[in-house]
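Q: kindly generate the corresponding structure for this input.
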Amino acid sequence: MKNGFLYQISLRIIPFIYVCITSLLFMTCRIKTHGQEYRSQLDSQNIPIIASFWHYTIFFVFYYLRKDSAVVMVSASKDGEYINRVAQRLGFATVRGSRKKGGMQAIKSLIRNMRAGRNAGIVADGSQGPPRIVQAGSIFLASRAAVPILPMAWSCDRYKRFGSWDGIALPLPFSKIDFFYGEPVTVPAKIKSEEFEQYRLLLEKRLNDLYTKAWALQDKTEH
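A: Residues are numbered from 1 along each chain as shown. I've put the predicted structure just below:
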């Protein structure tokens with residue numbers, strides 16, 4: 001199916017239906033934003049930023065950030081083509097790559113886009129995990145493009161968690177969503193190899209602290 005006619009048809013239909021349904025769904029939700037001061041602080045500097053978030057958040061994060069002029073990194077896998085087309089329908093530019101396929105070329109493309117003034121979005125734990133463990137891409141990109149990383153997370157009082165490796169979650173209709181911006185991470189330009197792990201762990205801590213803070217509002221330790 002993936003290489004045939006049905007796959008090509010599904011690529012046209014499924015992303016279109018998904019965007020229509022989820023856009024209507026999210027319009028019924030009550031959304032509260034926390035940490036707006038972090039986003040406002042970076043916006044006031046008139047520089048691009050890197051949005052960094054865990055893979056479980058992707059359904060809602062793409063919708064929430066849809067009005068940003070941004071380029072996002074999407075897995076180069078065939079299944080990743082569905083996410084690629086969803087992102088494009090929501091107004092994002094995309095580059096394709098992952099840790100195992102085309103990752104460095106995708107990072108270079110993100111750098112070129114950021115130097116042209118676009119924000120970037122990258123899933124911190126990658127397309128295959130392990131979950132909530134920061135991969136190298138975000139730190140390398142921030143250092144080479146000389147731009148800050150803005151951590152993000154969300155929690156919800158009613159949602160569906162799916163059985164994938166990341167526990168990807170989808171808010172249910174009429175639910176309350178708490179969206180969080182966290183304290184930015186600034187990585188030195190042309191970071192030295194011995195410093196790399198220090199900043200990778202710093203971003204991982206800030207994302208996980210934000211995750212804990214977000215889900216504590218729902219009286220949960222995790223989603």
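
Q: need the contact list for the residue lying closest to Pro184 once chain neighbours are set aside.
A: Using CB to CB, 6 or more residues apart in numbering and skipping residues adjacent in sequence, the residue nearest Pro184 is Pro148, 4.3 Å away. Glycine gets a C-beta too; all of them are placed from N, C-alpha and C. Applying CB atoms under 8 Å, 6 or more residues apart in numbering, we find Pro148 in contact with Leu42, Ile47, Ile49, Ile50, Ala142, Pro184, Val185, Thr186, Val187.

Q: pretty sure the first one sits in a helix.
A: Meaning Leu42. Yes. Secondary structure assignment (DSSP: H, G, I helix; E, B strand; the rest coil) places Leu42 inside a helix.

Q: about what we covered before: against Ser77, how distant is the residue nearest to Pro184?
A: 29 Å (CB to CB, to the nearest Å).

Q: what bridges to Ile50?
A: Note on Ile50: beta-bridge partners Ala120, Ile149, judged by DSSP bridges.

Q: that one: how many residues sit nearby?
A: Counted with other CB atoms under 10 Å, residues neighbouring Ile50 total 27.

Q: swap in Arg96?
A: Quick note: Arg96 (other CB under 10 Å) scores 18 neighbours.

Q: list the buried ones in the lowest-mean-pLDDT helix or strand in the chain?
A: Lowest on mean pLDDT, DSSP states H and E among the helices and strands of the chain sits helix 103-115, with a mean of 87. For helix 103-115, the neighbour count (16 or more other CB atoms under 10 Å) marks Gly103, Ala106, Ile107, Ser109, Leu110, Ile111, Asn113, Met114 as buried.

Q: can you put those in JSON lines and add distance to Lys205?
A: Formatted as JSON lines, the buried residues of helix 103-115 follow (distance: CB to CB, whole Å):
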{"residue": "Gly103", "distance to Lys205": "23"}
{"residue": "Ala106", "distance to Lys205": "25"}
{"residue": "Ile107", "distance to Lys205": "23"}
{"residue": "Ser109", "distance to Lys205": "28"}
{"residue": "Leu110", "distance to Lys205": "23"}
{"residue": "Ile111", "distance to Lys205": "25"}
{"residue": "Asn113", "distance to Lys205": "28"}
{"residue": "Met114", "distance to Lys205": "24"}
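
Q: isn't Gly182 right up against Thr212?
A: No. Using CB atoms under 8 Å, Gly182 is not in contact with Thr212, being 11.1 Å away.

Q: of the two, who's got more company?
A: Gly182 (24 against 14).
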